[in-house]
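K.L.:
My questions are about this predicted structure, shown below with the sequence.
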Number of protein chains: 2
Amino acid sequence: MTRTVAVIGSGLIGRAWAVVFARAGCQVRLWDPSPEVRAQLPDTLAQTCTLSGDDPAALANVTICDDMASAVEGVEWVQENGPEKLEIKRQIYADLDRLAPPDAILASSSSALVASSFAKGLAGSHRILVAHPVNPPHVVPVVELCPSEDTAPEAMDRAEALMHAVAQVPVRLSREIDGFVLNRLQAVLLAESLSLIEQGIVTPEGLDDTICHGLGRRWTLLGPMATINLNAPGGVIDYLDRYGPTMARLSDSAARGEAFTDTAAERVAAAMPPPEEVPERTRARDAKLAALAQFLKE
Amino acid sequence: MTRTVAVIGSGLIGRAWAVVFARAGCQVRLWDPSPEVRAQLPDTLAQTCTLSGDDPAALANVTICDDMASAVEGVEWVQENGPEKLEIKRQIYADLDRLAPPDAILASSSSALVASSFAKGLAGSHRILVAHPVNPPHVVPVVELCPSEDTAPEAMDRAEALMHAVAQVPVRLSREIDGFVLNRLQAVLLAESLSLIEQGIVTPEGLDDTICHGLGRRWTLLGPMATINLNAPGGVIDYLDRYGPTMARLSDSAARGEAFTDTAAERVAAAMPPPEEVPERTRARDAKLAALAQFLKE
């Protein structure tokens, strides 16, 4: 049976989600509140496919809808990609909860807001959760699934199963936490990176080289836990016996929030390509991410 | 002119260094204090090449030496891979400083000891530095170059040039810092990872998936600074304006040294392949790292 899903909001992330679902054979109903944005979708969706090397033929599964009600009619899943503003999210979820079929799951791409902040008090809060992707999800497969305390375990089970079915990699969190997992890990690494750069220990380029020609490669193949499991003969327990005290000492002396200074920002910016190159470099990044995903699959 | 280097110590890292230098066309003098280990080197070096797909013909450039003095005779560079014990390192550097040509650079693969701890007071402390690789250096190219306060800038320049010449990626640090850069970044990420796992927010497998199917891929292609430079339309300054306060808040609430608990270690170990599989999985990892290095080069 063909699965039918709605994608609400058609910015970069919404369009990438549309490709994820469409190429997996789902019928996709795509809606954006802006008529101008909707009018451009045939072109912008095709560009999304071009960058990743996805076959645009999959876009035959995408229907562009003129209103939210027709987008969510009869769907089993709604992937919402609205602005990260609490008041807007609350309104969107009040509307979705009213319009979508009662058994549809309502999933937010939010990276900043936890589900309880916009689902609390709604009749359907048991079917509302966060499904936070990495941008753009059609070339980076991980999706953090985070429930509120009202989310039904059965909704999480269905979310996990659907993400597997569309070839994403779901990571299920047990409960809400600020930043989920991914941005918490990114935050600590950024804090220490900015501090080392501001102290002049290493240049921004050297910092990037350390990860992209070093540690990042292991993490991409194995993840941080599987990495340390192979870094001592007796596995992870042996590793933490040997190196845990050193790692604890290093993390105790590491930077935290105070590292996010203007000076650090300016030092990094001076070493990076200028903002005018961001769009072109973003396209190049996405093409490389798609190639890397293909390589890792093989 | 053929470059001649010495590799002191022939464990996993010493053998990988021998391959790095030999395949780049250097004459390599390899010495290990153990006669038994030396006797096995023709076999173990060939295995090192097999795993990475390096042509064992390069090993024709490697001469196995019977003593330190003959290994370092006439070399321009000594790559030392001895045990991470301060008293042993001090003895090794006293010997190397006496035996090696006066203009040879003495570089330690140490990840745990800074150069001043074993070079202080030696006549040649100006030519002693740390060249810390990721294990194994023949498939992961980054090398952290860290001077002591006695190390001459000219020695650092030569170190950087040699690393480029043998196709490694040098990262130059300006001064000593505990853990250098790589392990400081690893430490903060491990601390927060172990905490999230011990709190039951995410499983060890979910934690690894978050990085290896998500954030790690960007970091491998771009590094963390280039990553955030593309995550806001106006580049890194715009990113830190928008998300810096959130990232600061997340890192302020992140775990530090207290996260390295037995409970966390046991929870991770229970999810990982058992220690008996470490050797085989390490070989598989190295083969994959070699393939990834090849992919990234293209």
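P.N.:
Nice, thanks for sending it over. Residues are numbered from 1 along each chain as shown, chains lettered A, B, ... in the order given.
K.L.:
show me the contacts for A:Ala167.
P.N.:
The contact partners of A:Ala167, by C-beta atoms under 8 Å, 6 or more residues apart in numbering or on different chains, come to A:20, A:24, A:141. All C-beta spots, glycine's among them, are computed from the backbone N, C-alpha and C.
K.L.:
Also near chain B: which of those, exactly?
P.N.:
Applying C-beta under 8 Å from any C-beta of the partner chain to the contacts of A:Ala167, one finds that A:Pro141 fall near chain B.
K.L.:
In a markdown table, list the contacts of A:Ala167 along with secondary structure and neighbour count.
P.N.:
Formatted as a markdown table, these follow (DSSP: H, G, I helix; E, B strand; the rest coil; neighbours: other C-beta atoms under 10 Å in any protein chain shown):
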| residue | secondary structure | neighbour count |
| --- | --- | --- |
| A:Val20 | helix | 27 |
| A:Ala24 | coil | 17 |
| A:Pro141 | coil | 22 |
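K.L.:
What is the distance between stretch A:119-128 and the centre of its chain?
P.N.:
Between the centre of stretch A:119-128 and the centre of its chain there are 22 Å (C-alpha atoms, centre = their mean, to the nearest Å).
K.L.:
what's the first-to-last distance across that stretch?
P.N.:
Stretch A:119-128 stretches 7 Å from its first residue to its last (C-alpha to C-alpha, to the nearest Å).
K.L.:
got the buried residues for it?
P.N.:
Neighbour-count burial for stretch A:119-128, counted by 16 or more other C-beta atoms under 10 Å in any protein chain shown, picks out A:119, A:122, A:124-128.
K.L.:
now stretch A:105-122
P.N.:
Neighbour-count burial for stretch A:105-122 flags A:105-119, A:122 (criterion: 16+ other C-beta under 10 Å).
K.L.:
what do you get for stretch A:190-201?
P.N.:
A:190-198, A:201.
K.L.:
Could you check the angle the helix or strand hosting A:Gln294 makes with helix B:278-297?
P.N.:
Per DSSP states H and E, A:Gln294 falls inside helix A:278-297. Interaxial angle of helix A:278-297 relative to helix B:278-297 (axes from the mean of the first three to the mean of the last three C-alpha atoms, to 10 degrees): 140 degrees.
K.L.:
Check which helix or strand A:His132 maps to.
P.N.:
Per DSSP H and E: strand A:128-133 holds A:His132.
K.L.:
all strands for the stretch 51-200 of chain A, in order.
P.N.:
All strands of the stretch 51-200 of chain A, identified by DSSP state E, counting those that start in this stretch, fall at A:62-64, A:77-80, A:105-108, A:128-133, A:142-147, A:169-172.
K.L.:
now the ones you listed as TSV including mean pLDDT and distance to A:Gly223?
P.N.:
Output for the strands of the stretch 51-200 of chain A, formatted as TSV (pLDDT from 0 to 100; distance: least, C-beta to C-beta, whole Å):
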stretch	mean pLDDT	distance to A:Gly223
strand A:62-64	98	33
strand A:77-80	98	25
strand A:105-108	98	24
strand A:128-133	98	18
strand A:142-147	98	11
strand A:169-172	98	11
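K.L.:
now those strands as a markdown table including distance to A:Pro275?
P.N.:
Supplementary listing: the strands of the stretch 51-200 of chain A in a markdown table, determined by distance: least, C-beta to C-beta, whole Å:
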| stretch | distance to A:Pro275 |
| --- | --- |
| strand A:62-64 | 31 |
| strand A:77-80 | 29 |
| strand A:105-108 | 29 |
| strand A:128-133 | 24 |
| strand A:142-147 | 27 |
| strand A:169-172 | 31 |
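K.L.:
for the residue nearest the centre of chain A, what are its contacts?
P.N.:
Geometric centre of chain A, nearest residue: A:Pro133, 2.0 Å, by C-alpha atoms, centre = their mean. By C-beta under 8 Å, 6+ apart, the contact set of A:Pro133 is A:13, A:16-17, A:109, A:140, A:142-144, A:168.
K.L.:
next one: A:Met247
P.N.:
A:240, B:183, B:186-187, B:190-191, B:257, B:260.
K.L.:
what's the closest of those residues to A:Glu160?
P.N.:
Nearest to A:Glu160 among the contacts of A:Met247: B:Leu190, at 26.2 Å, using C-beta to C-beta.
K.L.:
if you skip the residues just before and after it, what's nearest to that closest one?
P.N.:
Nearest non-adjacent residue to B:Leu190, counting by C-beta to C-beta, 6 or more residues apart in numbering or on different chains: A:Met247, 5.5 Å away.
K.L.:
tell me the angle the host helix or strand of that neighbour makes with helix B:278-297.
P.N.:
Taking DSSP H and E as the definition, one finds A:Met247 inside helix A:235-252. Angle between the axes of helix A:235-252 and helix B:278-297 is 60 degrees (criterion: the same axes, to 10 degrees).
K.L.:
Can you confirm whether whichever helix or strand comes after helix A:235-252 lies near chain B?
P.N.:
Next in sequence after helix A:235-252, counting helices and strands by DSSP H and E, comes helix A:262-271. Yes: Helix A:262-271 is in contact with chain B by C-beta under 8 Å from any C-beta, via A:264-266, A:268-269, A:271.
K.L.:
Just the C-alpha atoms of the helix holding A:Met247, please, in PDB.
P.N.:
What follows is helix A:235-252, C-alpha atoms only, in PDB (Å, rounded to 0.1, in the frame of the first residue of the first chain):
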ATOM      1  CA  GLY A 235      37.800  -2.500  24.300                       C
ATOM      2  CA  VAL A 236      35.900   0.500  25.800                       C
ATOM      3  CA  ILE A 237      36.300  -0.500  29.500                       C
ATOM      4  CA  ASP A 238      40.100  -0.900  29.000                       C
ATOM      5  CA  TYR A 239      40.200   2.400  27.100                       C
ATOM      6  CA  LEU A 240      38.400   4.300  29.800                       C
ATOM      7  CA  ASP A 241      40.600   2.700  32.500                       C
ATOM      8  CA  ARG A 242      43.700   3.800  30.600                       C
ATOM      9  CA  TYR A 243      42.600   7.200  29.200                       C
ATOM     10  CA  GLY A 244      39.500   8.100  31.100                       C
ATOM     11  CA  PRO A 245      41.400  10.100  33.800                       C
ATOM     12  CA  THR A 246      43.300  12.000  31.100                       C
ATOM     13  CA  MET A 247      40.100  12.700  29.100                       C
ATOM     14  CA  ALA A 248      38.300  13.800  32.300                       C
ATOM     15  CA  ARG A 249      41.200  16.200  33.100                       C
ATOM     16  CA  LEU A 250      41.100  17.600  29.500                       C
ATOM     17  CA  SER A 251      37.300  18.100  29.600                       C
ATOM     18  CA  ASP A 252      37.500  19.700  33.000                       C
END
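K.L.:
Break chain A down into its structural domains.
P.N.:
Listed domain ranges for chain A are A:4-172, A:182-297 (source: automatic domain parsing).
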